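Engineer: from the sequence below, what's the structure:
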Amino acid sequence: MHLTTLAGHALSRGRTPADTYALLAKRTRKPLPSARAVCLALSIPLAETTRRLNDCYDALLADPRTGSETDTGELLEALGVFDVPVSLTDTELAVVRLFLVAVDAMGGIRPGHQHGLTRWFTTGNLTAAYLSLAAARPLARTGDPATYWATLVTAGELLAASPNADSRIRYALAHCRTQATAQTART
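Structural biologist: Got it, this is the predicted structure:
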């Protein structure tokens with residue numbers, strides 16, 4: 001059976017991408033084709049699949065150890081290799097652009113936070129990205145707090161205006177407005 005077909009079958013039965021990878025890698029002893037099959041079964045375009053797998057090949061797939069398939073699958077999933085990209089609406093794209101302005105205004109961002117944001121942008125989980133940024137703060141020495149909070153207010157207003165807005169957006173937006181007001185009072 002073709003690996004991509006087998007991966008699709010496993011995914012349709014409720015297996016996670018990480019579990020599906022482990023199943024295929026254990027069966028075939030071929031980690032790269034197994035990871036590629038999972039990506040393709042998830043409808044991730046071949047060019048994007050190739051780019052993602054090239055990024056992690058040396059560290060995770062080039063020299064596999066027997067018995068490490070489950071751990072490798074979980075790492076691939078955590079790295080976003082199996083994240084299915086979504087098409088964003090014009091409003092969602094505008095929100096992402098505002099998020100990028102806010103990230104610049106932070107004056108620096110932890111690599112893990114940046115990685116999470118990138119994954120949320122890819123998968124369209126803009127609520128998680130907004131909540132994450134609203135809970136963070138710009139760096140005191142290198143950030144631009146006024147721009148940061150004002151940008152998050154604008155992004156939050158766009159997210160809150162969507163028909164199925166998560167109720168947590170309103171609370172985070174209120175927090176961002178409070179911070180923006182405090183910044184205005186300081187200047």
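
Engineer: okay, now Cys56: neighbour count?
Structural biologist: The number of residues packed near Cys56 is 17, by other C-beta atoms under 10 Å. Heads up, the C-betas are built off the backbone N, CA and C, glycines and all.

Engineer: give me the residues contacting the host helix or strand of it.
Structural biologist: Using DSSP states H and E, the element containing Cys56 is helix 46-56. The contact list for helix 46-56 (C-beta atoms under 8 Å, 6 or more residues apart in numbering) reads 32, 35-36, 39-40, 44, 61, 76, 79-81, 85.

Engineer: of those residues, keep whichever come out buried.
Structural biologist: 35-36, 39-40, 44, 61, 76, 79-81 (16 or more other C-beta atoms under 10 Å).

Engineer: I'd like those laid out as TSV, including distance to Gln183 and pLDDT.
Structural biologist: What follows is those, written out as TSV (distance: C-beta to C-beta, whole Å; pLDDT from 0 to 100):
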residue	distance to Gln183	pLDDT
Ala35	45	97
Arg36	48	97
Cys39	43	97
Leu40	47	97
Ile44	41	95
Leu61	47	90
Leu76	41	95
Leu79	36	93
Gly80	33	93
Val81	39	95
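
Engineer: low-confidence ranges, this structure, go.
Structural biologist: Along the chain, segments meeting pLDDT under 70 span 1, 187.

Engineer: re the thing from before, out of the buried ones among the contacts of helix 46-56, which two sit at the greatest distance?
Structural biologist: Leu40 and Leu79 (17.4 Å; C-beta to C-beta).

Engineer: where does the residue nearest the centre of the chain sit, in terms of helix or strand?
Structural biologist: Nearest to the mean C-alpha position of the chain, counting by C-alpha atoms, centre = their mean, stands Arg119 at 1.1 Å. Using DSSP H and E, the element containing Arg119 is helix 111-123.
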